[in-house]
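> whatever this is, show me its structure:
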Amino acid sequence: MGIDFEALTEATSGAVGGLLSTTILYPLDTCKTKYQAEAHTSKHCKYRSPVDVFKEALKSRQLLSLYQGLGTKNLQSFVSQFIYFYSYSYIKNVYLKRSRRERMGTGANLIVAAAAGACTAIITQPLDTASARMQTSSFGKSRGLWETLTAGDWRQAFDGLGASLVLTSNPAVQYTVFEQLKNRLVAKQGAETAGSVHAVDTSPVVLSAFIAFLLGALSKTVATVVTYPAIRCKVLLQVWERKDDETEQKSITDPLHRPPKKMLDAINIIWHREGALGFYKGLEAQILKTVLSAALMLMIKEKASKGTWVVMMAFRKWLNVNRLKVA
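Numbers count the residues shown, from 1 in each chain. Below is the predicted model:
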């Protein structure tokens, strides 16, 4: 079975883009996550906005704590982006070959993206959960990855998996919007290149950094607004057990204070404690973070794909030469 170099190129460039964008925006992600997790604990919330989280870190001289869990987040980001882009590209290529089509329609694109997202969520859920718990720990008191993962039952490492599977619709919507817009632009560029006498370059046509940024921002905004209630539920499922002792005591008599074990429990808590608007509490911060992250990731991916393609072609040539020597 041969190596799918196109899928490998997509996976590598996507992973690099995800890694760099995650590192750049990590302090914002920490503020956003702590705000989302704290909002449900009581009527007197500690944070009124993600800005209050930053102010607390500044006042307590713990600015570096905004990076707690960065290593785990980067590992999760790199692995998830690699798995997603590889599985997405691989499944897409299989579909196109079997259907004998040149491009996927919107429906097929959604299904392929959702399948790739489900594979990614199942494999990387423990890292995602650990990262959320490390971010929401008290400043300066975050534990390491292994300590966080082994702190409770192994099943707790998969807290929020149901919500994560629901959220496979997020990248499905995002990349469907992005790919459809990108294909139209690339088709125009390809037509212009095909008319050139020197059109012998077989490398993929890529978008400019600015266009990729705009398409990434637009596609992620749409996906975030549609799926935000599931995002909010996921945070509660992952970090509830880290709340104060008062909450733990109330959980004995008040079901709304019991740790949610599934997505329906989180929905019930948000609905009764915060109302319908609670499902969208923190949406502004989520959009700011995810849009910037997705736009940066896709921009870096598009610019890195050219170089990655050259490396992959050199690697394939090296493999072919060695095969001929062995033969």
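
> span of stretch 93-106 from start to end?
From its first residue to its last, stretch 93-106 covers 15 Å (C-alpha to C-alpha, to the nearest Å).

> which of the residues in that stretch are buried?
Tyr95, Met104 (16 or more other C-beta atoms under 10 Å). For the C-beta atoms, the positions are set from N, CA and C on the backbone; glycine is no exception.

> please state the offset of it from the chain centre?
25 Å (C-alpha atoms, centre = their mean, to the nearest Å).

> next: stretch 307-321.
Chain-centre distance of stretch 307-321: 29 Å, with C-alpha atoms, centre = their mean.

> swap in stretch 93-113?
23 Å.

> state the distance from Ala108 to Thr168.
Note on Ala108: its distance to Thr168, by C-beta to C-beta, to the nearest Å, is 15 Å.

> neighbour count for the two, which is higher?
Thr168 (22 against 17; other C-beta atoms under 10 Å).

> I'd say that one and Ala121 touch.
Yes. The criterion here is C-beta atoms under 8 Å, and Thr168 meets it with Ala121 at 6.2 Å.

> does the nearest residue to Ile111 once chain neighbours are set aside sit in a helix or strand, and which one?
In space, and not counting its chain neighbours, Ile111 is closest to Ala172: 8.0 Å by C-beta to C-beta, 6 or more residues apart in numbering. According to DSSP states H and E, Ala172 maps onto helix 169-194.

> helices or strands up against that helix?
Contacts defined by 3 or more C-beta pairs under 8 Å, 6 or more residues apart in numbering; DSSP states H and E place helix 169-194 against helix 106-135, helix 209-239.

> looking at those helices, which is closest to Ala37?
Of all the helices and strands packed on helix 169-194, helix 209-239 sits nearest to Ala37, with 4.5 Å by C-beta to C-beta.

> quick one: the closest one to chain centroid distance?
On the basis of C-alpha atoms, centre = their mean, helix 209-239 sits 8 Å off its chain's mean C-alpha point.

> buried set for it?
Applying 16+ other C-beta under 10 Å to helix 209-239 flags 212-221, 223-224, 227-239 as buried.

> what packs against that helix?
Judged by 3+ C-beta pairs under 8 Å, 6+ apart, helix 209-239 is in contact with helix 26-38, helix 106-135, helix 161-166, helix 169-194, helix 263-274, helix 283-326.

> need those helices in TSV (columns: mean pLDDT).
Below are these laid out as TSV (pLDDT from 0 to 100):
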stretch	mean pLDDT
helix 26-38	86
helix 106-135	86
helix 161-166	88
helix 169-194	76
helix 263-274	85
helix 283-326	76
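
> of the ones you listed, flag the one that's most buried.
helix 26-38 (a mean of 23; mean count of other C-beta atoms under 10 Å).

> just checking, what packs against that one?
Packing partners of helix 26-38 (3+ C-beta pairs under 8 Å, 6+ apart): helix 50-59, helix 70-99, helix 106-135, helix 209-239, helix 283-326.

> what is the neighbour count of Gly152?
With other C-beta under 10 Å as criterion, Gly152 counts 12.

> does it sit in a helix, a strand or a coil?
coil (DSSP: H, G, I helix; E, B strand; the rest coil).

> quick one, phi psi at it?
phi -140, psi -160 (degrees, to the nearest 10).

> show me the contact partners of stretch 76-95.
With contact meaning C-beta atoms under 8 Å, 6 or more residues apart in numbering, stretch 76-95 is reached by 4, 6-8, 10-15, 17-19, 21-22, 104, 108-109, 112-113, 115-117, 119-120, 123-124, 127-128, 131, 171, 175, 297, 301.

> give me every residue that touches Tyr26.
Leu66, Tyr67, Leu70, Lys73.

> tell me the spacing between Trp154 and Met313.
In this view, Trp154 and Met313 are 43 Å apart by C-beta to C-beta.

> apologies, that question was intended for Gln135.
From Gln135 to Met313 the distance is 40 Å (C-beta to C-beta).

> could you do Cys31 as well?
42 Å.

> export the helices and strands packed on helix 169-194 to CSV and tack on distance to Lys188?
Shown next, in CSV, are the helices and strands packed on helix 169-194 (distance: least, C-beta to C-beta, whole Å):
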stretch, distance to Lys188
helix 106-135, 19
helix 209-239, 12
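
> of all these, which lies closest to Gly278?
Closest to Gly278 of these, according to C-beta to C-beta: helix 209-239, at 7.6 Å.
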